[in-house]
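Chemist: got a predicted structure here, sequence first:
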Amino acid sequence: QVQLVESGGGLVQAGGSLRLSCTASGTIFSINAMGWYRQAPGKQRELVAGISSGGITNYADSVKGRFTISRDNAKNTVYLQMNSLKPEDTAVFYCAAALIYREFPPRVYDYWGLGTQVTVSS
């Protein structure tokens, strides 16, 4: 099993920045891709960004050029640097990890964190 713990959420004004972190523990050798999803009130959970163990990335069109996903394999941690935040970015952000046999980008993520709230005020 893999446990994921997010941190770094909070309240920020529009145009500001936040950095989310997610640290994995447990059977980390079993995972490849890690990613960030978000879910706004009344909306479905959506992929924000993903990154393979080798550093290949993918992003939702809505965050391209503003968000950057990165990964420190030595620390078992994935980051999401969010710049130029907009009120529509307000959501609970979830860290996710996919089992090693899933090719990148995975269609399914197997492990999930509990989420961290990001609120962007106008």
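Modeler: It's in. What you see is a predicted model, and the numbers here were worked out from it, not measured in a lab. Numbers count the residues shown, from 1 in each chain.

Chemist: just give the closest residue to the residue of the chain positioned farthest from its centre, not the sequence neighbours.
Modeler: What lies farthest from the middle of the chain is residue 122; by CA atoms, centre = their mean that is 22.9 Å. Nearest-residue entry for residue 122: residue 87, 4.7 Å, with adjacent residues in sequence omitted and distances by CB to CB, 6 or more residues apart in numbering. C-betas here are computed from N, CA, C, even on glycine.

Chemist: which residues in this protein form strands?
Modeler: For the chain, applying DSSP state E gives strands covering 2-7, 10-13, 18-26, 31-39, 46-51, 57-59, 67-72, 77-82, 91-99, 111-112, 116-121.

Chemist: as JSON lines, the ones you listed with distance to residue 105, mean pLDDT and mean neighbour count would be great.
Modeler: Conversion of the strands of the chain to JSON lines gives the following (distance: least, CB to CB, whole Å; pLDDT from 0 to 100; neighbours: other CB atoms under 10 Å):
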{"stretch": "strand 2-7", "distance to residue 105": "18", "mean pLDDT": "97", "mean neighbour count": "18"}
{"stretch": "strand 10-13", "distance to residue 105": "28", "mean pLDDT": "98", "mean neighbour count": "13"}
{"stretch": "strand 18-26", "distance to residue 105": "17", "mean pLDDT": "97", "mean neighbour count": "18"}
{"stretch": "strand 31-39", "distance to residue 105": "7", "mean pLDDT": "97", "mean neighbour count": "23"}
{"stretch": "strand 46-51", "distance to residue 105": "5", "mean pLDDT": "98", "mean neighbour count": "21"}
{"stretch": "strand 57-59", "distance to residue 105": "5", "mean pLDDT": "98", "mean neighbour count": "17"}
{"stretch": "strand 67-72", "distance to residue 105": "12", "mean pLDDT": "97", "mean neighbour count": "18"}
{"stretch": "strand 77-82", "distance to residue 105": "14", "mean pLDDT": "98", "mean neighbour count": "22"}
{"stretch": "strand 91-99", "distance to residue 105": "9", "mean pLDDT": "97", "mean neighbour count": "22"}
{"stretch": "strand 111-112", "distance to residue 105": "16", "mean pLDDT": "98", "mean neighbour count": "18"}
{"stretch": "strand 116-121", "distance to residue 105": "22", "mean pLDDT": "98", "mean neighbour count": "17"}
